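Quick one: sequence plus predicted model below, questions after.
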Amino acid sequence: MRATILAAGVGQRLGLAEAPPKVLLEFGGETLLARHVRLLKDLGVERVDLAVGHRAEEVEREIARIGAQEYVETSFNPDFRRGAIVSLWTLRDAYTSGEEVLFMDGDVLYDHRMLGRLVTADRDDCFLMDRHIEEGEDPVKLCFKDGLLVDFHKRPQRVFDWWGEWIGFARFAPDTAEKIAAACQRYIDAGRLDEIYEEAIRDVVVTAPPGQFSVEDVTGVPWVEIDFPEDLVRAREEIFPSLMDPVASES
């Protein structure tokens with residue numbers, strides 16, 4: 001299994017005048033990137049493919065600092081100011097490698113148990129979900145009808161009974177990963193470079209046989225996606241102190 005992490009964006013919604021790449025935000029003296037790498041190695045994930053763009057040289061220095069040059073391979077997205085679908089497309093070699101792929105948003109601070117649940121899930125095509133719902137259009141919604149996943153979007157278009165919030169982590173079987181790469185390619189070929197990457201994943205989800213995609217419900221396990229200033233405050237004051245991660249807690 002290999003992991004792919006998106007870390008190319010500017011992060012302008014964070015509201016910092018000189019915002020670093022969000023994977024370089026530090027918690028307990030450890031960057032998000034260093035933490036991702038440490039936990040993925042502990043779970044036996046064989047390599048990381050990292051999409052970089054904004055201040056990519058700083059990310060490269062961090063990879064060298066933590067001694068992960070042989071473990072993390074970067075792919076530079078020169079259009080990092082466009083939609084995140086370009087960053088996902090930049091990682092297409094990983095998605096067509098014939099291997100299982102772990103997808104991760106790089107700007108999530110999370111308890112290590114979440115990642116473990118995903119890596120050891122019984123089903124290859126799997127999303128992490130939280131039932132504690134954040135209202136509004138920003139959360140990506142995993143939508144269910146009659147117990148089956150029927151939509152995956154910020155603004156769902158299919159009829160559903162209920163939804164949970166996607167955490168930004170997923171696991172894809174090799175053939176599913178290839179379909180996601182092909183979906184990305186269609187958006188790129190059409191010049192739709194400002195789309196969110198979820199569009200490509202959704203195209204695969206809604207055309208899949210019923211029941212192909214499963215979820216791991218990790219409601220109650222602490223996590224936060226760091227998009228806005230209030231997310232960063234919550235990450236530092238609430239989420240990080242609650243993580244059941246001995247190494248991070250002691251750093």
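Thanks, I have the structure now. Numbers count the residues shown, from 1 in each chain.

Do you have the helices of this structure handy? List them.
Here the chain has its helices, by DSSP state H, at 32-42, 56-65, 84-90, 92-95, 112-119, 174-189, 198-207, 229-234, 240-242, 246-250.

Need the winner for burial among those helices.
Mean neighbour counts were compared across the helices of the chain using mean count of other CB atoms under 10 Å; the top stretch is helix 84-90, at a mean of 25. The way it works is simple: take the backbone N, C-alpha and C, and place the C-beta from them, glycine included.

Output the contacting helices and strands for that helix.
Packed against helix 84-90 by the contact rule (3 or more CB pairs under 8 Å, 6 or more residues apart in numbering; DSSP states H and E) you find strand 2-7, strand 47-52, helix 174-189, helix 198-207.

Make CSV from the ones you listed and add mean pLDDT and distance to Asp217 to it.
As requested, these are arranged in CSV below (pLDDT from 0 to 100; distance: least, CB to CB, whole Å):
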stretch, mean pLDDT, distance to Asp217
strand 2-7, 98, 21
strand 47-52, 98, 26
helix 174-189, 98, 20
helix 198-207, 97, 17
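
Using TSV, lay out the ones you listed together with distance to Asp79.
As requested, those are exported to TSV (distance: least, CB to CB, whole Å):
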stretch	distance to Asp79
strand 2-7	13
strand 47-52	11
helix 174-189	10
helix 198-207	15
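
returning to what we had before: any chance of TSV for the helices of the chain, columns distance to Leu149?
Below are these laid out as TSV (distance: least, CB to CB, whole Å):
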stretch	distance to Leu149
helix 32-42	25
helix 56-65	33
helix 84-90	20
helix 92-95	20
helix 112-119	15
helix 174-189	13
helix 198-207	7
helix 229-234	26
helix 240-242	29
helix 246-250	32
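
quick one: low-confidence parts of the protein?
In the prediction, the chain carries residues with pLDDT under 70 at positions 15-17, 245-251.

The same query, at a cut-off of 50, please.
For the chain, the stretches flagged by pLDDT under 50 are 248-251.

Quick one: residues in contact with stretch 90-103.
The set of residues that contact stretch 90-103 without belonging to it, under CB atoms under 8 Å, 6 or more residues apart in numbering, is 1-4, 6, 8, 40, 45, 49, 51, 75-77, 118-119, 124, 169-174, 177-178, 180-181, 184-185.

Next, the contact list for Val221, please.
Val221 makes contacts with Tyr110, Asp111, Arg113, Met114, as judged by CB under 8 Å, 6+ apart.

what about the residue nearest to it when sequence neighbours are not counted, how many neighbours?
Closest residue in space to Val221, ignoring its immediate chain neighbours: Asp111 at 4.9 Å, by CB to CB, 6 or more residues apart in numbering. Neighbour count of Asp111, defined by other CB atoms under 10 Å: 20.

you'd agree Asp111 is up against Gly220?
No. Counting by CB atoms under 8 Å, no contact exists between Asp111 and Gly220, whose distance comes to 9.8 Å.

which neighbours does the biggest strand by length in the chain have in its sheet, and in what orientation?
Of all the segments assigned as strand in the chain under DSSP state E, the longest by residue count is strand 162-172. Strand 162-172 has its sheet partners listed here by DSSP bridges as strand 101-105 (antiparallel), strand 126-130 (antiparallel), strand 141-145 (antiparallel).

Quick check: Phe240 touching Leu25?
No. With the criterion set as CB under 8 Å, Phe240 and Leu25 do not qualify as a contacting pair; they are 10.6 Å apart.

nearest spatial neighbour of the residue sitting furthest away from the middle of the chain, skipping sequence neighbours?
When distances to the mean C-alpha position of the chain are computed (CA atoms, centre = their mean), the maximum falls on Asp146, with 26.8 Å. Among residues not flanking Asp146 along the chain, Asp161 sits closest, at 7.1 Å (CB to CB, 6+ apart).
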